[in-house]
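S.K.: Sequence and computational prediction follow.
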Amino acid sequence: MAWTEKDIPDLNGRTAVVTGANGGLGYQTALALAGAGAHVVVAARDPEKTTSATARIRERYPAASLEVVPLDLGDLAEVSTAAAAVLAAHERIDLLVNNAGVMAMPQRTTVDGFEMQLGVDHLGHWAFTAHLLPALLRAPAARVVTVTSTARFMGGPLDPADPHMRRKYRAWGSYARAKMANYHFGLGLQQHFERAGRATASLIAHPGLSNTDLQARTVREGGGGWIGAVAHAMTARSGMTPLEGARPQLRAATDPAAAGGELYAPRFGSHGPPVRRPILRRFDLQKQIDVLWEVSERETGVPLVVPPA
């Protein structure tokens, strides 16, 4: 039998934080976790969209336990404020799903001067995770799930000398590099948990070809060119639903058999039920993880260090 959200175990007493939980994959993730009994922290940027999302969750599950925390991943000061609000309300966090992201945007920067896609998709999540680390480590066996994409194969490695692509910006190349950063972050974080002797686990998921607003926004913003238009048409015609696309990250977050360092994705690459997929260990994998740690700490000024158990 294929795994679905119906296989999520009872999550009563668990606290889950989901970024970008007001739409697309994040909304479906928050909906399923709330339906399984978790207290869900909806961490998202657009207040009007968030109000609508939480209302729809409560319409489906009247007893849903929800909390809203404004989060703009493109502003490190707001990331810090959001994390502080979560920490003030919760001694421990059992699940953190780093889901939010932007795709193939025109060249622009975050409040802190980071290239937008690297800044939102990775650096914002880096800082958010680092700030929430104390609460994650206090949980008996917390999980951090970071969402990547098969688009990561389209780009080159992160250049420490020009991480924000100021010399030669390419919308899709930047997106690919940001999603590769998500991939390396998930693997590197698991290494840090293991070295520290922690039960906390870091996993990765990708949604395959899923028909969410992400593709439509790329077309609206005009950064994806003809590739963005083709991708939008393709997902509208043959993409999976947002719920189907969210199943890999839901399985990574909740399946008792899932383990740190694993990748969950559709069985057939872009389509299919969520299954564990092999980690492709390129010859320079460890080098790229180390470069990502160096660049992320340098750019954000936020160290991500897991203290020993």
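M.R.: Thanks, I have the structure now.
S.K.: quick one: contacts for the closest residue to Gln191 other than its chain neighbours?
M.R.: Spatial nearest neighbour of Gln191, excluding adjacent residues (C-beta to C-beta, 6 or more residues apart in numbering): Ile289 at 7.2 Å. (C-beta placed from N, C-alpha, C; glycine too.) By C-beta atoms under 8 Å, 6 or more residues apart in numbering, the contact set of Ile289 is His184, Leu187, Gly188, Gln191.
S.K.: in the stretch 151-300 of the chain, which spans are helices?
M.R.: Using DSSP state H, counting those that start in this stretch, the helices found in the stretch 151-300 of the chain span residues 171-195, 213-221, 225-238, 242-254, 285-300.
S.K.: Relative to Ala141, which of these is closest?
M.R.: Among the helices of the stretch 151-300 of the chain, helix 171-195 comes nearest to Ala141, with 10.5 Å by C-beta to C-beta.
S.K.: distance between that closest one and the chain's centre?
M.R.: 10 Å (C-alpha atoms, centre = their mean, to the nearest Å).
S.K.: same check, this time on stretch 134-141
M.R.: With C-alpha atoms, centre = their mean, you get 19 Å for stretch 134-141.
S.K.: hmm, who's touching it?
M.R.: Stretch 134-141 is contacted from outside by 86-87, 90-94, 96, 129, 142, 144, 198-201, 306-307, using C-beta under 8 Å, 6+ apart.
S.K.: where's Val17, which helix or strand?
M.R.: Using DSSP states H and E, Val17 falls within strand 15-19.
S.K.: What pairs with that strand, parallel or antiparallel?
M.R.: Here strand 15-19 has these sheet partners by DSSP bridges: strand 39-44 (parallel), strand 95-98 (parallel).
S.K.: for the ones you listed, which one sits closest to Gly156?
M.R.: The nearest among the strands paired with strand 15-19, by C-beta to C-beta, is strand 95-98 at 22.6 Å.
S.K.: Show me what the helix or strand following the closest one is packed up against.
M.R.: Downstream of strand 95-98, the first helix or strand assigned by DSSP H and E is helix 116-117. For helix 116-117, the packing partners by 3 or more C-beta pairs under 8 Å, 6 or more residues apart in numbering; DSSP states H and E come out as helix 171-195.
S.K.: in the helix it packs on, what counts as buried?
M.R.: 171-193 (16 or more other C-beta atoms under 10 Å).
S.K.: same for it, what does it pack against?
M.R.: Going by 3+ C-beta pairs under 8 Å, 6+ apart, helix 171-195 lies up against helix 116-117, helix 124-138, strand 143-147, strand 201-205, helix 225-238, helix 285-300.
S.K.: could I get those as JSON lines with mean pLDDT and distance to Phe153?
M.R.: As requested, these are exported to JSON lines (pLDDT from 0 to 100; distance: least, C-beta to C-beta, whole Å):
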{"stretch": "helix 116-117", "mean pLDDT": "96", "distance to Phe153": "16"}
{"stretch": "helix 124-138", "mean pLDDT": "98", "distance to Phe153": "20"}
{"stretch": "strand 143-147", "mean pLDDT": "98", "distance to Phe153": "16"}
{"stretch": "strand 201-205", "mean pLDDT": "98", "distance to Phe153": "14"}
{"stretch": "helix 225-238", "mean pLDDT": "55", "distance to Phe153": "14"}
{"stretch": "helix 285-300", "mean pLDDT": "97", "distance to Phe153": "13"}
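S.K.: wait, which of those is closest to Arg277?
M.R.: For Arg277, the closest of those is strand 201-205, at 9.3 Å, according to C-beta to C-beta.
S.K.: Tabulate the strands paired with strand 15-19 in a markdown table, adding columns for mean neighbour count, mean pLDDT and distance to Gly155.
M.R.: Converted to a markdown table, those look like this (neighbours: other C-beta atoms under 10 Å; pLDDT from 0 to 100; distance: least, C-beta to C-beta, whole Å):
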| stretch | mean neighbour count | mean pLDDT | distance to Gly155 |
| --- | --- | --- | --- |
| strand 39-44 | 28 | 98 | 26 |
| strand 95-98 | 29 | 98 | 19 |
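S.K.: Thank you kindly, that will do.
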